[in-house]
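[1] Model the structure of this input:
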Amino acid sequence: MTVSTVKDNLGNIQRFVTGNLASGADHMFVFLDQSEPEVEAWLAERDNVTTVVTDKSWWRGKRPGRLNLRQNINANLALAVAEQVGGVEWLFHVDADEVVRIDRDVLDQVPAEANVVNLRPLEVVGVLEPQGPPTLFKRLLDEGELQLAVALGLLEEPSNPRYFRSHIAGKMGVRPGTDRYLEIHMATDAEGVRKPAHRAPGLEMLHYEAYSGAEFVRKWKNMITSGPTMHFGDERMALATALKTLVELDLPADVKTRHLETFYQRHMADPVEELDSLGLLERIDPTRGSHRPEPLTRDQRDTLAAALDAIRLEDKRNYMPPRAKLRVEEKADEDQKTEPTAEQGQGFRKLLGRRKRIT
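    Here you go, the predicted structure:
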């Protein structure tokens with residue numbers, strides 16, 4: 001099962017859902033960060049998707065300003081629900097521009113004592129105006145390959161963080177349980193301590209990070225406007241600030257377009273032909289994966305629906321992971337007075353109790 005908080009157009013959502021279900025996921029939790037009627041209608045027709053529109057009635061007047069916090073809350077809320085549904089062996093936290101690529105045989109062989117797995121990332125190549133759907137992906141390079149890329153002038157320094165435009169951490173999946181919490185790129189215990197992750201070939205994820213000029217502008221504008229304290233890391237934040245300035249400048253459309261193209265070519269586009277000729281790229285179309293999703297049983301569907309109905313009445317901040325709770329407390333702003341206690345943070349899990357899991 002996967003969980004995601006999304007804000008995207010219908011075409012991207014269709015690739016996202018189709019790709020994940022064809023590449024290893026059986027069921028998907030999709031939390032829509034804002035109402036999108038066209039997207040909602042399409043998702044409603046998917047038997048293997050549970051959709052939640054996180055509108056005012058969902059947040060009950062307490063919507064967190066930061067996108068990352070909304071993502072983490074929704075992920076751990078889904079984790080609490082998955083415990084009640086039963087039969088859910090893993091829950092993976094992925095974004096709308098990410099697709100799991102999981103060999104189910106490999107996943108089945110994860111040692112029983114390992115409660116967390118890491119999906120190693122592959123990142124889509126960046127092309128200003130791609131021809132057709134994106135299917136070429138960069139994998140993380142070893143030291144020799146990085147040095148070769150530098151020597152050939154394809155990379156400024158031998159570093160995977162510079163080779164990838166976005167994260168190299170991958171994403172996490174956890175076995176449902178009350179002693180673990182999902183964040184964006186890690187899983188922690190109830191004390192906020194990072195839990196070790198199992199890694200193996202065959203456990204991967206595809207990241208569609210700014211694969212075209214148009215997608216780059218759309219995605220980054222969404223991120224820039226997703227919350228007052230959104231942060232990308234120093235290098236990406238500098239680019240985000242520059243891009244926001246460019247987008248908001250009062251310029252003729254053709255002038256702005258030309259500068260946006262220059263921005264993309266300098267900071268996002270990849271030397272695709274050269275990388276491909278060196279054998280450093282992989283061709284992957286996740287929508288043509290061979291996985292056939294296992295549907296939820298009627299009992300599982302009924303339990304899931306009842307769980308979501310019950311949780312609608314709660315303060316969703318109860319599901320902040322421990323590290324996020326600590327950050328909110330340290331901020332010491334007006335919201336501190338209404339922050340939930342650690343005992344309240346177990347609210348939904350205690351409300352519905354524990355069921356025997358089938359794993």
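[2] Residue 307 and residue 115: what is the separation?
    21 Å (Cβ to Cβ, to the nearest Å). For glycine as for every other residue, the C-beta is placed from the backbone atoms N, C-alpha and C.
[3] Ok, residue 10 next?
    In terms of Cβ to Cβ, residue 10 sits 36 Å off from residue 115.
[4] what's the answer for residue 204, then?
    19 Å.
[5] Looking at the two, which one has more neighbours?
    Neighbour count, other Cβ atoms under 10 Å: between residue 204 and residue 115, residue 204 has more, with 25 against 21.
[6] and that one, which of the three is it?
    strand (DSSP: H, G, I helix; E, B strand; the rest coil).
[7] So it sits against residue 118, correct?
    No - counting by Cβ atoms under 8 Å, residue 204 sits too far from residue 118 to count as a contact (9.7 Å).
[8] Check the contact lists of those two and give me the overlap.
    residue 170 (Cβ atoms under 8 Å, 6 or more residues apart in numbering).
[9] Just list the residues touching the spatially closest residue to residue 192 that is not a sequence neighbour, thanks.
    Closest residue in space to residue 192, ignoring its immediate chain neighbours: residue 322 at 3.6 Å, by Cβ to Cβ, 6 or more residues apart in numbering. Applying Cβ under 8 Å, 6+ apart to residue 322 gives the contacts 181, 188-192.
[10] before we move on, what about residue 33?
    Counting by Cβ under 8 Å, 6+ apart, residue 33 touches 5-7, 54, 67, 70, 226.
[11] mind running it again at 10 Å?
    Taking Cβ atoms under 10 Å, 6 or more residues apart in numbering, we find residue 33 in contact with 4-8, 53-55, 63, 67, 70-71, 74, 96, 222, 226.
[12] which stretches of this protein form helices?
    For the chain, the helices defined by DSSP state H occupy 10-22, 37-44, 56-59, 67-85, 104-108, 143-151, 160-163, 213-224, 234-248, 253-267, 272-277, 298-311, 322-331, 347-352.
[13] Using CSV, list the CA coordinates for the first one.
    What follows is the C-alpha trace of helix 10-22 in CSV, where atoms were taken according to Å, rounded to 0.1, in the frame of the first residue of the first chain:
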residue,chain,number,x,y,z
LEU,A,10,-5.1,14.8,-14.2
GLY,A,11,-2.5,13.6,-16.7
ASN,A,12,0.2,13.3,-14.1
ILE,A,13,-2.2,11.7,-11.6
GLN,A,14,-3.1,9.1,-14.1
ARG,A,15,0.5,8.2,-14.7
PHE,A,16,1.2,8.2,-11.0
VAL,A,17,-1.7,5.9,-10.1
THR,A,18,-1.3,3.6,-13.1
GLY,A,19,2.4,3.3,-12.7
ASN,A,20,2.3,2.5,-8.9
LEU,A,21,-0.4,-0.1,-9.3
ALA,A,22,1.4,-1.7,-12.2
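[14] tilt between it and helix 37-44?
    20 degrees (axes from the mean of the first three to the mean of the last three Cα atoms, to 10 degrees).
[15] Return the set of buried residues in helix 10-22.
    12-22 (16 or more other Cβ atoms under 10 Å).
[16] Turn those residues into a markdown table, columns for distance to residue 142.
    Shown next, in a markdown table, are the buried residues of helix 10-22 (distance: Cβ to Cβ, whole Å):
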| residue | distance to residue 142 |
| --- | --- |
| 12 | 32 |
| 13 | 35 |
| 14 | 35 |
| 15 | 30 |
| 16 | 30 |
| 17 | 33 |
| 18 | 32 |
| 19 | 27 |
| 20 | 28 |
| 21 | 32 |
| 22 | 29 |
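[17] Tell me the one of these nearest residue 40?
    The nearest member of the buried residues of helix 10-22 to residue 40, counting by Cβ to Cβ, is residue 13 at 10.0 Å.
[18] Do I have it right that that closest one meets residue 95?
    No - using Cβ atoms under 10 Å, residue 13 is not in contact with residue 95; the gap is 11.9 Å.
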